[in-house]
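Visitor: Build me a model from this:
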Amino acid sequence: MDAIYILWALAALTGLVAGGLAGSGFALLTGAPPRLGLLHRIDHLTPIRVVALCLYGPLGFVRAGFAELAHNPLVALAVLAMGLVWSFFQGVFILTTFFGFT
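Guide: Numbering: from 1, shown residues only. Coordinates of the predicted model:
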């Protein structure tokens with residue numbers, strides 16, 4: 001029964017690591033971290049921005065949750081939970097698609 005919790009943590013951490021890599025790679029290429037303001041105009045680079053935001057999303061939610069923890073703990077825990085659930089599903093997708101975990 002304890003092995004299932006390790007697998008859940010592995011999937012969530014895989015999603016967070018993928019978000020960190022996507023965010024760092026995007027920031028390295030563009031000079032600015034990924035944020036929702038990137039979608040204010042539509043051009044030929046919009047699909048790349050959307051992919052970067054989708055991959056970075058869980059890490060952004062987790063960071064925002066931790067930043068808000070001292071001010072409004074209830075909202076911070078909700079945002080943190082959303083980020084962790086998103087990173088779990090992202091990690092499951094990555095582990096099953098690219099590494100063959102079943």
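Visitor: Pick out the residue nearest the middle of this structure.
Guide: residue 58 (2.5 Å; CA atoms, centre = their mean).
Visitor: C-terminal to the one helix or strand that one maps to, which secondary structure element comes first?
Guide: Assigned by DSSP states H and E, residue 58 belongs to helix 46-68. Next helix or strand after helix 46-68 toward the C-terminus (DSSP H and E): helix 73-98.
Visitor: counting contacts, what elements does that following helix pack onto?
Guide: Counting contacts by 3 or more CB pairs under 8 Å, 6 or more residues apart in numbering; DSSP states H and E, helix 73-98 is packed against helix 2-30, helix 46-68. C-beta coordinates here come from the backbone N, C-alpha and C atoms, glycine included.
Visitor: Tell me which of these is the most buried.
Guide: Highest mean neighbour count among the helices and strands packed on helix 73-98 (mean count of other CB atoms under 10 Å): helix 46-68, with a mean of 17.
Visitor: hmm, back to that, pLDDT at the residue nearest to the centre of the chain, what is it?
Guide: If you check residue 58, the pLDDT there is 95.
Visitor: The residue nearest to it when sequence neighbours are not counted: neighbour count?
Guide: Nearest-residue entry for residue 58: residue 87, 3.5 Å, with adjacent residues in sequence omitted and distances by CB to CB, 6 or more residues apart in numbering. By other CB atoms under 10 Å, the residues close to residue 87 number 24.
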